[in-house]
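Student: Prediction below, plus the sequence it came from.
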Amino acid sequence: MNTEEMKKLVAKEALKYIEDDMIVGLGTGSTTAYFIKMLGKMIMNEELFDVYGLPTSYQARILALESGVPVVSLDEVDAIDIAVDGADEVDPHLNLIKGRGAALTMEKIIEYRAGTFLVLVDESKLVEYLGQKMPVPIEVIPAAWRVIKEELEVFNATADLRMGVKKDGPVVTDNGNFILDAKFERIEDPLDLEIELNNIPGVVENGIFADIADIVLVGTKEGVKKLER
Ligand SMILES: O=C(CO)[C@H](O)[C@H](O)COP(=O)(O)O
């Protein structure tokens, strides 16, 4: 089974958690994209009723609308039943690094408040400790990017301003900010670092999601593995 097949497998498994009348946080990225398309099919086929998607990004919003998932915004809902999203790294305590897609701020706003936060990954995302393979994306106010980059040296981190691919200059997030990708040597205490980074003036949010994932579905060659806190 290849990586794309594993992503589809976990996306399909995630549908089992969706019931009628739910508000569903819709994550960003390639794995969640499979989930959003499959969810749209179930809604269109009348296998699910009164399910609304709460997108975490323009990518999720556009895809949901194209797939037949009706969308709502955060200020229209009283509660979020479940949020479904991918991740870039998952440690043994189910702490995450997220934000490769630069959508970390809205992802955290929604997933922090969801009744259940369900994470979908393939097995390549499992790590022994956070920071093992991926940098921590940090969303910053544009005017402050250079000073924050220097201030991150206190944490022994080296940070790069994320540059656009089909755009000249830096990536601009859905919120109009920049992203610094910060490489840490080894993240021993994810919750502590998450809080400390958010204390730096000019930081909007960072991609450490400590203690908020409830369930992680892992796509492996042998099938779906369920990890729970
Ligand atoms: O955090 C994210 C976007 O900001 C994504 O969920 C994360 O990068 C995983 O993406 P993919 O499923 O494409 O591997």
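Tutor: Thanks, I have the structure now.

Student: drop to CA atoms for contacts and neighbour counts, all remaining ones
Tutor: Noted.

Student: quick check: longest helix of this structure.
Tutor: helix 30-44 (DSSP state H).

Student: tell me the contacts of residue 179?
Tutor: Going by C-alpha atoms under 8 Å, 6 or more residues apart in numbering, residue 179 touches 102, 137-140, 161-162, 170-173.

Student: Could I get those in TSV, plus columns for pLDDT, distance to the ligand and neighbour count?
Tutor: TSV is the format used below for those (pLDDT from 0 to 100; distance: C-alpha to the nearest ligand atom, whole Å; neighbours: other C-alpha atoms under 10 Å):
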residue	pLDDT	distance to the ligand	neighbour count
102	98	5	26
137	98	9	28
138	98	11	30
139	98	11	28
140	98	15	26
161	98	16	19
162	98	13	18
170	98	16	16
171	98	13	19
172	98	13	17
173	98	10	18
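
Student: Mean confidence (pLDDT) on stretch 8-23, please.
Tutor: Mean pLDDT, stretch 8-23: 98.

Student: so does it get close to the ligand?
Tutor: No. Against the ligand, stretch 8-23 shows no contacts by C-alpha under 6 Å from any ligand atom, the least distance being 10.1 Å.

Student: That stretch spans what distance, first to last residue?
Tutor: Stretch 8-23 has an end-to-end distance of 22 Å (C-alpha to C-alpha, to the nearest Å).

Student: Name the residues of that stretch that are buried.
Tutor: Neighbour-count burial for stretch 8-23, counted by 16 or more other C-alpha atoms under 10 Å, picks out 8-11, 14, 18, 22-23.

Student: One more: stretch 52-71?
Tutor: Applying a neighbour-count criterion of 16+ other C-alpha under 10 Å, one finds 52-57, 59-61, 63-64, 67-71 buried in stretch 52-71.

Student: Stretch 149-169 now?
Tutor: Buried residues in stretch 149-169 (16+ other C-alpha under 10 Å): 149, 152, 157-159, 161-162.

Student: Angles on the backbone of the closest residue in space to residue 73 that isn't next to it in sequence, please.
Tutor: Among residues not flanking residue 73 along the chain, residue 54 sits closest, at 5.9 Å (C-alpha to C-alpha, 6 or more residues apart in numbering). Here is the backbone geometry of residue 54 (degrees, to the nearest 10): phi -120, psi 100.
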